[in-house]
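J.: Sequence and computational prediction follow.
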Amino acid sequence: MSKILWLLCSCVFLTTILEAQDNNNNLSEKLAGKPSLNAAYVENIPKIDGVLDEPEWQTAIPATDFTQFRPNPGNPASQSTEVRVLYSTEGIYVGAMCYDTAPDSILSQLSVRDNIGATNTDLFSVYIDGMLTLQNDFTFTVTAAGVQADASSEDYVWDAVWKSEVKVVDNGWVIEIEIPYSQLRFPRSNEQTWGINFSRRIRRLREESYWSPIDPKQDNFVQLEGLLKGIERIKPPVRLSLTPYVATYLNHQDDGDPTTKDWKPSISAGADLKYGINESFTLDVALVPDFGDVQSDNLQFNLGPFEIFYAERRPFFTEGVELFNRAGIFYSRRVGSRPTRYNIASGMLDSAEVITKNVERPQLINALKVSGRTKKGLGIGVFNALTAPSNTHIEDTLSGEKRKFRTEPFTNYNVLVFDQQFGKNSYVSLINTSVIRFGSFTDAVVTGTAFKVVDKNNKYGTAGNASLSQQFLDTLLYTDRYQNGYKYNVSFQKFSGQFRFGVAQQTISKNYNINDLGYSARTNYVNSNGWVSYNIYKPFSVFMNMWMSFDASHEMLYNPNKFMRIQFGGDWGATYKNFLSTGLDFRVEPIGYNDYFEARTDGQVWDKPTWTRIGGWFSSDYRKAFALDGRCSYRRFWGSGAWKNSDVIQGVLSPLIRFSDRVNTVLENNTTVRLNSIGYVTKTTGVKGEESIIFGRRFRKDIISTITLNYLFNSKMSLSFRLRHYWATVEYLEMYDLQQDGSLESSAYAGSHDQNFNAFNVDLIYRWRFAPGSELNVVWKNSVLEFGDQPKDNFFTNFGEMFEGNQSNQFSIKALYYLDFFRLLKKKRRGQRLGE
């Protein structure tokens, strides 16, 4: 089977590359009819000050006549906009005049850089597809408050280094932008033709308009961009930058041992090196990386059989990794994660030995990635990381002898990906990941493919992925030496239009395991599903827009082939002309669920009854100083016996308060109550060696409270406070034995498994971007993690007693300084063009 999959993936990939090269030869057909704009060359670089008073700006013909994207797609923009583009030997310059008949009504709330989605402000964006792929572009956005945001279509957290200034004037507001060539990707050619577009958001009108019209019914907006011409004799620059950092930490942890220090200072230093190998590919190296100042995880209390997925927050692993995420087999948090033998050391101790230290996360020595895409649409990515060995420290309490038990050796993580784009919105990828642990530890290899092929109108197509996992297992942990598995997912869809639909099937084999460098929770199933959706983009009646969808799925156990469940559901949502949004949704399992996973025993089924869930949500007008979001849902299990009166009730309420353009806060409370919930508890062994699987009926309550407070000094300096408290209680009411047929019978088991869990975090971050690409961060992090076996009834009692346990505090100061070697040499390059 593995050879067939590999052969199929290779044939599809190579065939599609050949087709792609042929399709890219017909580029002129795809560009026909697009609006175009000429850039004007300048010797004298304009000063970026938000004032378009240099005469050079008048040499460029402006882009005008913007078209609405929302709320009235296809209509002319309500306010006029003029955009001019200049270029020099160092970069391009964009000057925009956003006319406004009510300049005193221009909204300009400050926000943290790159966090502008729900910000109450006008904004202006530039989109550049330098390689003219019609699928990938870079976005540069500036708000009316001067806050920057940037992204690429393949990397939403991409962080570029560029300049901008804005100024509100009597007849609107002005934007001036400088984008160095080092932040763009374009081919080596005497005459450049780029894809380009401009957009403007008028927040008080909830209006968004584009220079090159964008149809909301289309799937790929990049293909709808216009053309930028007139850039001639410009050579892609040397892209070499170094961002050294130095960080100091002061950690406090009260471990109750008077012989150890509670306060522990430390210092670290390193650098991030970026080098443009050529105009298409970039090498990014993290030398002795430091991630101590990233936001704390949103920890959850888990009673289920599967690992919880936590989002990656380390900057090196979030920037420029979209290419590596093809086929869904790369999960960067595996790099430097808990050692594979972390939990077995305690079972290998002599009677007088104790564990004095167990390293939870190996040190990341370095990491690098190479990524980029050619003019022909071929993307290549290489990722490599190396972690240091980790050990469990063991001491004999009688002799004082100390020893170490190796829990993880030197480990090398690798990802290689090829991704060929073709047509207007099609691609095929081939990706391989590998984890090599030195010594007799587990090694792993995963090979996969992903594809999307649509017709020339970008309307109908097929998409999917497939992967093969191979593990060479640690004999200290496993009885088998090898384990192989596979997964595939294929769909046929209508990608564009108001009405869309799709059918798909996903199959995951029993031994599929990518968790050495990927994330896979549930395996061993076949899921067949379909969906339809309908969107109304133009205003009608009292509605600004509306959407609705319906889906259904059928699921089987893969091996052995057994029925598990049928499920269907749907949702409806709308935004009204007063900008209130509401929605409803439902989901039903009409004939119950044969659950083969909750029992944690191979082949053991657990019969769950039918259930129904209904829910609704609302979101008020975010233009106002006070906004409110809310959601509620009710789920009922229609069973008897242990399942009688089993309900799940959830409510979320989140007010947003803007005290001014500088100060805002968001409060959120998320409460979930599970009445008479049923689930796995433990396994017991009888006097004759028989195993019993114990389930329990329980009352569970989860309350998540979050407070976020932001104070913005200006567009480059901010103070952010975030507090999160997660409280979960579990109280068992009755125990049951799981029978072989999946039913439950009352049990005499009397073990206590009640739990009280608290996860409390505070993140206070002062951030100052004192120069492009350079930052000073001062961070305080406080955390409390408490497990108890006595559920508390009162929220405030629990909150107060939580702080009686151990707390950890971390204070840090980290400075980064961006060095662009092209800028350092710009005096020698100024005025030089190809041929001069």
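T.: That came through fine.

J.: Do a quick rundown of the helices in the chain.
T.: Secondary structure of the chain (DSSP state H): helices at 2-24, 27-31, 315-318, 795-802, 821-824, 826-829.

J.: Please tell me how far the residue most central in space within the chain sits from residue 318.
T.: Against the mean C-alpha coordinate of the chain, by C-alpha atoms, centre = their mean, the closest residue is residue 311 at 6.4 Å. From residue 311 across to residue 318, the span is 9 Å (C-beta to C-beta, to the nearest Å). Where you see a C-beta, it was placed from the backbone N, CA and C, and this is true even at glycine.

J.: Just give me the lowest mean pLDDT stretch among the helices of the chain.
T.: Considering the helices of the chain one by one, the lowest average pLDDT is found for helix 2-24, at a mean of 45.

J.: buried sites along stretch 97-117?
T.: If you call a residue buried by 16 or more other C-beta atoms under 10 Å, then stretch 97-117 has these buried ones: 97-98, 100, 106-114, 116.

J.: One more: stretch 374-392?
T.: Neighbour-count burial for stretch 374-392 [16+ other C-beta under 10 Å]: 374-383, 385-387, 389-392.

J.: Would you mind writing the CA trace of that stretch as CSV?
T.: Listed in CSV are the C-alpha atoms of stretch 374-392, where the atom choice follows Å, rounded to 0.1, in the frame of the first residue of the first chain:
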residue,chain,number,x,y,z
THR,A,374,9.8,31.0,-8.4
LYS,A,375,8.2,33.0,-11.1
LYS,A,376,6.9,29.8,-12.5
GLY,A,377,5.0,29.2,-9.3
LEU,A,378,7.2,26.4,-7.8
GLY,A,379,7.5,26.8,-4.1
ILE,A,380,10.3,25.1,-2.2
GLY,A,381,10.6,24.9,1.6
VAL,A,382,13.3,23.3,3.8
PHE,A,383,13.1,23.3,7.6
ASN,A,384,15.6,22.0,10.1
ALA,A,385,15.9,22.2,13.9
LEU,A,386,18.2,20.6,16.4
THR,A,387,17.6,20.1,20.1
ALA,A,388,20.0,19.1,22.8
PRO,A,389,19.8,15.9,24.9
SER,A,390,17.7,15.9,28.1
ASN,A,391,18.0,13.8,31.2
THR,A,392,16.2,12.8,34.4
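
J.: and that stretch, how far from the chain's centre?
T.: Stretch 374-392 sits 18 Å away from the centroid of its parent chain (C-alpha atoms, centre = their mean, to the nearest Å).

J.: for the record, mean pLDDT for that stretch?
T.: Averaging the model's pLDDT scores along stretch 374-392 yields 93.

J.: what's the answer for stretch 617-636, then?
T.: Within the predicted structure, the mean pLDDT of stretch 617-636 is 96.

J.: can you check stretch 60-79 too?
T.: 96.

J.: Repeat that for stretch 193-213.
T.: Taken as a whole, stretch 193-213 has a mean pLDDT of 96.

J.: Quick check: end-to-end length of it?
T.: Across stretch 193-213, the terminal residues are separated by 19 Å (C-alpha to C-alpha, to the nearest Å).

J.: quick one on the thing from earlier: and the pLDDT for the residue nearest to the centre of the chain?
T.: In the prediction, the pLDDT value recorded for residue 311 is 87.

J.: Which residues are in contact with it?
T.: When contacts are counted by C-beta atoms under 8 Å, 6 or more residues apart in numbering, residue 311 touches residue 297.

J.: switch to numbering from 718
T.: Got it, first residue is 718 now, which makes that one residue 1028.

J.: all strands for the stretch 1218-1367 of the chain, in order.
T.: Secondary structure of the stretch 1218-1367 of the chain, counting by DSSP state E, counting those that start in this stretch: strands at 1242-1253, 1260-1274, 1279-1293, 1298-1306, 1310-1312, 1323-1325, 1328-1336, 1343-1354, 1363-1375.

J.: Check the stretch 718-867 of the chain too.
T.: Secondary structure of the stretch 718-867 of the chain (DSSP E, counting those that start in this stretch): strands at 753-755, 757-758, 784-787, 798-804, 808-816, 840-846, 855-860, 865-869.

J.: Residues touching the third one, excluding its own?
T.: I take that to be strand 784-787. Among residues not part of strand 784-787, those counted as contacts by C-beta under 8 Å, 6+ apart are 791-795, 916, 923-928, 930-931, 933, 1254, 1261-1262.

J.: Need the strands of the stretch 1218-1367 of the chain in TSV (columns: distance to residue 1044 and mean neighbour count).
T.: As requested, the strands of the stretch 1218-1367 of the chain are arranged in TSV below (distance: least, C-beta to C-beta, whole Å; neighbours: other C-beta atoms under 10 Å):
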stretch	distance to residue 1044	mean neighbour count
strand 1242-1253	17	17
strand 1260-1274	22	17
strand 1279-1293	25	17
strand 1298-1306	28	17
strand 1310-1312	28	18
strand 1323-1325	32	19
strand 1328-1336	31	17
strand 1343-1354	32	16
strand 1363-1375	33	16
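
J.: Adding distance to residue 771 as columns, could you present these in CSV?
T.: Supplementary listing: these in CSV, determined by distance: least, C-beta to C-beta, whole Å:
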stretch, distance to residue 771
strand 1242-1253, 44
strand 1260-1274, 41
strand 1279-1293, 42
strand 1298-1306, 44
strand 1310-1312, 68
strand 1323-1325, 70
strand 1328-1336, 44
strand 1343-1354, 41
strand 1363-1375, 36
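
J.: mind checking which of those is nearest residue 1058?
T.: strand 1242-1253 (29.8 Å; C-beta to C-beta).

J.: Give me the sheet partners of the closest one and which way each runs.
T.: According to DSSP bridges, strand 1242-1253 has the following sheet partners: strand 1216-1225 (antiparallel), strand 1260-1274 (antiparallel).

J.: In TSV, list these along with mean pLDDT.
T.: Shown next, in TSV, are these (pLDDT from 0 to 100):
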stretch	mean pLDDT
strand 1216-1225	97
strand 1260-1274	97
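
J.: Could you dump these into TSV with distance to residue 1418 added?
T.: Formatted as TSV, the strands paired with strand 1242-1253 follow (distance: least, C-beta to C-beta, whole Å):
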stretch	distance to residue 1418
strand 1216-1225	33
strand 1260-1274	30
